[in-house]
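S.K.: whatever this is, show me its structure:
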Amino acid sequence: MAPRISVVILTDKRPQHLLRCLTAVLSQRFDPDAFEVIVVDDGHDDATRHLVDSIREGAPLAAELRYLRPANGRGPALARNVGWRAARGELIAFTHDDAVPAPTWLAEGERAMRIHHDWVAMCGRVSVPLRGETTDHARNTAAQLARAEFVTANVFVRHWALVRVNGFDERFAHPGREDADLQFRLMTQAGHVGRSSRAEVVHPVRAAPWGLSLALQRSTFYDALLYKKHPRLYRQRIRHAPPWNYYLIVALALAMVLLPFAGQPEIASACGLTLLVLVLTLTVERLRDTSRSPSHVLEVLATSALIPFVAVYWRLRGAIHFRVLFL
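M.R.: Numbers count the residues shown, from 1 in each chain. Model (predicted):
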């Protein structure tokens, strides 16, 4: 008999995180014959494949465990498509290797989808434990996951609905907006997307390398594609207005450099002072309720001076690439 639920776990060169996630999934308080587990390796990592093989061969498992590796290309959207298209369950439960599902995750997810017949998909709760001195990155991660309407660390989607919308848009080749795009297409083409706080996964914050906040700005490249496809929903649910403060900082920096050549050193100095105030304001906002360690303060100050330029670069590059008027 086909399982009722297929769990699709996306992993990318994090075998230790995957082991923790798989342990939680394979220990679910759920009929073991009613679900299967599909690990999709977006990192094409031999260590990950060996881990899954060792788990599968080491002892009898309660549920079927499969390992898949995309044959052509990489990216979270493509990898998840490989996973759900190979699935046999009527309900697909998506999660990540760095998430830890609660013991009742599958039971509560299936229960919510059974009660709400009109739901084509459901997002569960993603909890981020914060302990000790919180960094800017950890606080932002917790806040973003707490308010996210649809995040692939914890979503249940009916298989037929994925077929109807043709799954994830594989043009989203970097994590960040492929889940919102799927949500919007499910809402407009398939039916209602609900929420349930009872289906929970825990998402510990990974240690962040210095300057990670700069690298994360790359995801705004795909904001342009999301906006092009869903302009009204993007403004309603993602960002109500462009980051004008970032554009102002970039404009002030350009004016500070160019005005002296036009014989306007006083105005250039005023632009520089205003620029400094805006960067310090951004720094203070990011440091609110976070660690005051010298290294953290220095990182936030340095990245606050650079984030506006990096963010504007990726936003405009996305607008040009996807040919859309997007700021």
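S.K.: got the buried residues for the lengthiest strand in the chain?
M.R.: When the chain is parsed with DSSP state E, its longest strand is strand 192-202. Judged by neighbour count (16 or more other Cβ atoms under 10 Å), strand 192-202 contains these buried residues: V193, G194, S196, A199, E200, V201, V202. Bear in mind the C-beta positions are built from the backbone N, C-alpha and C, glycine included.
S.K.: between the residues you listed, which is nearest A180?
M.R.: Taking Cβ to Cβ as the measure, A180 sits nearest to V193 out of the buried residues of strand 192-202, at 11.0 Å.
S.K.: lowest average confidence, helix or strand, in the protein?
M.R.: Sorting the helices and strands of the chain by mean pLDDT, DSSP states H and E puts helix 136-147 at the bottom, at a mean of 86.
S.K.: and the buried residues of strand 192-202 as TSV, adding pLDDT and distance to L280?
M.R.: Formatted as TSV, the buried residues of strand 192-202 follow (pLDDT from 0 to 100; distance: Cβ to Cβ, whole Å):
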residue	pLDDT	distance to L280
V193	97	40
G194	96	43
S196	94	42
A199	96	42
E200	96	39
V201	96	37
V202	95	35
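S.K.: biggest separation within the residues you listed, which pair?
M.R.: By the measure Cβ to Cβ, the buried residues of strand 192-202 have their two most distant members at V193 and V202, which lie 22.4 Å apart.
S.K.: quick one, the least confident helix or strand of the chain and strand 192-202 angle?
M.R.: Angle of helix 136-147 versus strand 192-202, following axes from the mean of the first three to the mean of the last three Cα atoms, to 10 degrees, is 140 degrees.
S.K.: name the next helix or strand downstream of helix 136-147, please.
M.R.: Scanning forward in sequence from helix 136-147 by DSSP states H and E, the next helix or strand is strand 155-158.
S.K.: what helices or strands is that next one leaning on?
M.R.: Packed against strand 155-158 by the contact rule (3 or more Cβ pairs under 8 Å, 6 or more residues apart in numbering; DSSP states H and E) you find strand 91-96, helix 105-115, strand 119-127, helix 178-189.
S.K.: most tightly surrounded among those?
M.R.: Highest mean neighbour count among those (mean count of other Cβ atoms under 10 Å): strand 91-96, with a mean of 25.
S.K.: what pairs with it, parallel or antiparallel?
M.R.: Counting by DSSP bridges, the strands paired with strand 91-96 are strand 5-11 (parallel), strand 155-158 (antiparallel).
S.K.: for those, give me TSV that also has mean pLDDT.
M.R.: Below are the strands paired with strand 91-96 laid out as TSV (pLDDT from 0 to 100):
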stretch	mean pLDDT
strand 5-11	97
strand 155-158	98
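S.K.: mind putting the ones you listed into JSON lines with distance to E110 and mean neighbour count?
M.R.: Compiled in JSON lines, these are given as follows (distance: least, Cβ to Cβ, whole Å; neighbours: other Cβ atoms under 10 Å):
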{"stretch": "strand 5-11", "distance to E110": "6", "mean neighbour count": "26"}
{"stretch": "strand 155-158", "distance to E110": "8", "mean neighbour count": "24"}
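S.K.: now those as TSV including distance to S269?
M.R.: Output for the strands paired with strand 91-96, formatted as TSV (distance: least, Cβ to Cβ, whole Å):
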stretch	distance to S269
strand 5-11	51
strand 155-158	52
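S.K.: closest to T303 out of these?
M.R.: Closest approach to T303 among the strands paired with strand 91-96 is made by strand 5-11 (27.4 Å; Cβ to Cβ).
S.K.: quick check: angle from that closest one to helix 105-115?
M.R.: On the basis of the same axes, to 10 degrees, strand 5-11 is oriented at 130 degrees to helix 105-115.
S.K.: which SSE is immediately downstream of strand 5-11?
M.R.: Using DSSP H and E, the helix or strand that follows strand 5-11 in sequence is helix 15-26.
S.K.: quick one: strands adjacent to the following helix or strand past that following helix?
M.R.: Sequence order places strand 35-41 as the next helix or strand after helix 15-26, per DSSP H and E. Strand pairing for strand 35-41, using DSSP bridges, gives strand 5-11 (parallel), strand 64-68 (parallel).
S.K.: output strand 35-41 as CSV, nothing but the C-alphas.
M.R.: Output of strand 35-41 as CSV, limited to C-alpha atoms (Å, rounded to 0.1, in the frame of the first residue of the first chain):
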residue,chain,number,x,y,z
PHE,A,35,4.7,7.4,5.8
GLU,A,36,7.9,7.3,3.7
VAL,A,37,11.1,9.6,4.0
ILE,A,38,12.8,10.9,0.9
VAL,A,39,16.2,12.7,1.4
VAL,A,40,17.0,15.0,-1.6
ASP,A,41,20.7,15.8,-1.7
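S.K.: counting by contacts, list what the next helix or strand after it packs against.
M.R.: For strand 35-41, the following helix or strand on the C-terminal side (DSSP H and E) is helix 46-58. If you count contacts as 3+ Cβ pairs under 8 Å, 6+ apart, helix 46-58 packs onto helix 15-26, strand 35-41, strand 64-68.
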